[in-house]
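Student: dropping the sequence and predicted coords here.
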Amino acid sequence: MGPLFVQVAVENTVYHFDRLFTYALPAELEQVVVPGMRVMAPFGTANKERVAMVFSIGSTGAPGVKPVLAALDREAVVSPEMLELALWMHERYYCTIFEAVRLMIPAGLQFRLKDSYVLEAGFKNFDRECFTEIQWRILLQLHTAGRSVPFEKLSKENGITESCPDFAALLEKGIVCKVNTASGRIKDAVSKMVRPVSGFMGKLTPRQKDVYNVLLDAGEASEKELCYFTGASSSVLKALVDKGAAETFEYEIYRRPHIQERKESIPEFSLSEEQERVLKSLIADCRTGGCSLLYGVTGSGKTSVFLKLIQFVRSQGKAVIAMVPEISLTTQTIRQFQQLFGDEIAVFHSGLSLGERLDEWKRVHRGEAQIVVGTRSAVFAPVQNLGLIVIDEEQEHTYQSESSPRYDAREVARYRCYKAKALCLLSSATPSVESCRMAQEKKYRFHQLTARFGEAQIPNVELIDMNEETPDGTEGGISSPLAQALRGNYEAGHQSIILLNRRGYHTFASCRSCHEVVTCPNCSISLTYHSANRRLMCHYCGYSIPYTSRCPSCGGETLRFRGSGTQQAEEQLQEILPQAKILRVDTDSVSARHSLDQKLESFAQGEYDVMVGTQMVAKGLDFENVTLVGVLSADQALYSDDFRSNERTFDLLTQVVGRAGRGRYPGAALIQTYAPENPVLALAAEQDYFSFYRREITYRQALLYPPFVDLLVIGFVGGKEGLVKQASEQFLRMLSELARTSYSQLPLRVLRPSPAAVAKMGGKYRYKLIIKCRNSPTFREMMAQLLCSFAKLRDFREVTAYADSNPYTIL
């Protein structure tokens, strides 16, 4: 048999130089390395060691290629199916192959290569007089360690840099040798265990004998438990091991995520006749695979239906992934899943510690957990024998990544289900226009729940004209009708939710004299005043300054604050309801770990009367005692530049209105607006999704927006505004030339480059170029070629260009 070669994806490559690279596989690794394992490989002209993922092994390769240096894993960490997914993502989302692979490996299992140093094998010359003081300390440290020592440790203990002459001399003479070591970010959690050696006949002290007899009775125990129950010290255990009466071993334990416990269990549920009908249809869909859309009005029991569907899929021995858009929804969802499925569940979301993420991934990888519940990252869970992926609130933008790889979790889910012949179920009370269009064209199967479950009724909704409330044109806070409704609801012993999708106290500060708005020096955005710390803060880069009334432009003491955020709304609510307990839920108030879970649970238990917050409070939450919802500043998203502004507004209002009256009490909602005549607001008030869809789809078709075309946004980012603008214009010229000469058959509409909506962010200037297209393989081939060609232009090496396919918001 001839030599073997491996095809690998290498970390930290640039997009225009990325592909699978071929390396020789040394004979000693032939029985060790398999596809899906990571190896260490020399890369580039400097042969710098890099982590690489093995995609395939074969006999095809050119003589003289570089060999793999070492295997980093003991087994495959990525399955063949997921390797295929990584290649698909590389082609579809304009990312490097290793960037796609990295998404499939938990952060705690990812390696970083560190420069380390060891003494030359066989080094014996420990003559103190032959070395300087620094050299002597380095030699003693390496000799004492008996293994490689990372340079950062050598540097810390000896005060040296890599250019230190004394250290360089040791390297030059070969006394100290450089090696590269791979270290994982998180180690396995283990419990140190002790077990007796049966048949031991040696002599033991009375104390040792007592502990030995306990071990014989127990069979095995952790060192910690044994010391606690016997009162023995660790030295007694060590003596037992030294005498051969006992032996120690390590047992891996899992770090499990913390879930806020409910004070009462979730009651068993049964399905209505309509739910049963939909469930039977979905079970039939599971047998054929593909994609289905489950539409249901808010409170119609969509969750109950797909929980029963998951029970069916598990009864068939298949695995399930259930995705929710926000971390705030995972705890409530997990409780329902745990009651039904117990320890079969694993949790995937960014709120977990690195250790918890690693151990939940291992439970799924080993087949110990067959149901994964989580946010966007859950779509990459290493489940085997996939049968179903559920995407709840499928219209949410959080399913789309805003950093490379800029993937859409819904597309990834559909791809995985297609390959596994599984069902991808999209669920929502306000489906995206694109998904509804797919159902209309019979590309998705469609299922509908038309009524709320049980006695619950759709809440009555009233639009409050704020032009009458504030005839002088000043921006109002809580209107008198809403204030009156809040008082009545509080006196009735019911709870209320107030939505204001802006955090902070005031949203901007402007000068009465020069009319300048106080903006962030790093971003082209106004600073928001926060009363909690009395600072003006940027919500993009985190820049902040102390509160002041002095204008930074003209120096006059004439700053005035305008606009209201959740902090001001909380203060106003407390004035309206002095005896009530007010809970504020926004990014500022729930930054501590587990605090969001704890606050939502406290609200569910009736410890608060009113909850005010941003969109965190608008979707997916189910509180039986909430009978009133109020919406402040309903117009703020309605007139933005984005073509999805109507859809976002309708979705947010419909969802938050749906939080009211979900139990045995009737609900009401009051929406404050300066544009009560706007049809989108009226349709949201009526909860009439299909009328909204018909209106919106006509508008999209007339202006040629998704779902009638795909959008590709090319973003340009750099520190010099003029250069960024020039780069975007050069890209347009290259695109025009390439499309005319080589891809003239492709239908394209290109909008000229323009500054981003937030033109400067974090000190970087941003431009965008929008392409209306059909996202075909040929189109992606052209764009990949263009991105690679542009990246090689030396004039624009300070500008980063990237592609974002069908983004939720345009840059």
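Tutor: Okay, I see it. Note that the structure is a prediction, hence the values are computed from the model and not measured. Numbering: from 1, shown residues only.
Student: how about the helices in the stretch 601-750 of the chain?
Tutor: Secondary structure of the stretch 601-750 of the chain (DSSP state H, counting those that start in this stretch): helices at 645-657, 679-686, 689-703, 721-741.
Student: would you turn these into JSON lines with distance to E394, mean neighbour count and mean pLDDT?
Tutor: For the C-beta atoms, the positions are set from N, CA and C on the backbone; glycine is no exception. Listed next are the helices of the stretch 601-750 of the chain as JSON lines, based on distance: least, Cβ to Cβ, whole Å; neighbours: other Cβ atoms under 10 Å; pLDDT from 0 to 100:
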{"stretch": "helix 645-657", "distance to E394": "11", "mean neighbour count": "24", "mean pLDDT": "89"}
{"stretch": "helix 679-686", "distance to E394": "18", "mean neighbour count": "20", "mean pLDDT": "89"}
{"stretch": "helix 689-703", "distance to E394": "13", "mean neighbour count": "15", "mean pLDDT": "95"}
{"stretch": "helix 721-741", "distance to E394": "32", "mean neighbour count": "16", "mean pLDDT": "96"}
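Student: dump the ones you listed to JSON lines, plus distance to G44.
Tutor: Output for the helices of the stretch 601-750 of the chain, formatted as JSON lines (distance: least, Cβ to Cβ, whole Å):
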{"stretch": "helix 645-657", "distance to G44": "45"}
{"stretch": "helix 679-686", "distance to G44": "55"}
{"stretch": "helix 689-703", "distance to G44": "47"}
{"stretch": "helix 721-741", "distance to G44": "26"}
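Student: nearest to L596, out of these?
Tutor: When the helices of the stretch 601-750 of the chain are compared by Cβ to Cβ, helix 645-657 sits nearest L596, at 17.2 Å.
Student: the closest one vs helix 679-686, what angle?
Tutor: Counting by axes from the mean of the first three to the mean of the last three Cα atoms, to 10 degrees, helix 645-657 lies at 20 degrees to helix 679-686.
Student: can I get helix 645-657 in PDB, CA atoms only?
Tutor: What follows is helix 645-657, C-alpha atoms only, in PDB (Å, rounded to 0.1, in the frame of the first residue of the first chain):
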ATOM      1  CA  SER A 645     -39.900  48.100   8.500                       C
ATOM      2  CA  ASN A 646     -43.600  47.300   8.100                       C
ATOM      3  CA  GLU A 647     -43.000  43.600   8.700                       C
ATOM      4  CA  ARG A 648     -40.900  44.300  11.800                       C
ATOM      5  CA  THR A 649     -43.500  46.700  13.200                       C
ATOM      6  CA  PHE A 650     -46.400  44.300  12.500                       C
ATOM      7  CA  ASP A 651     -44.500  41.400  14.000                       C
ATOM      8  CA  LEU A 652     -43.500  43.200  17.200                       C
ATOM      9  CA  LEU A 653     -47.000  44.700  17.900                       C
ATOM     10  CA  THR A 654     -48.800  41.400  17.100                       C
ATOM     11  CA  GLN A 655     -46.500  39.500  19.300                       C
ATOM     12  CA  VAL A 656     -46.700  41.800  22.300                       C
ATOM     13  CA  VAL A 657     -50.400  42.200  22.100                       C
END
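Student: going forward, begin numbering at 41 instead of 1
Tutor: Fine by me, first position is 41 from now on; the one you just mentioned is helix 685-697.
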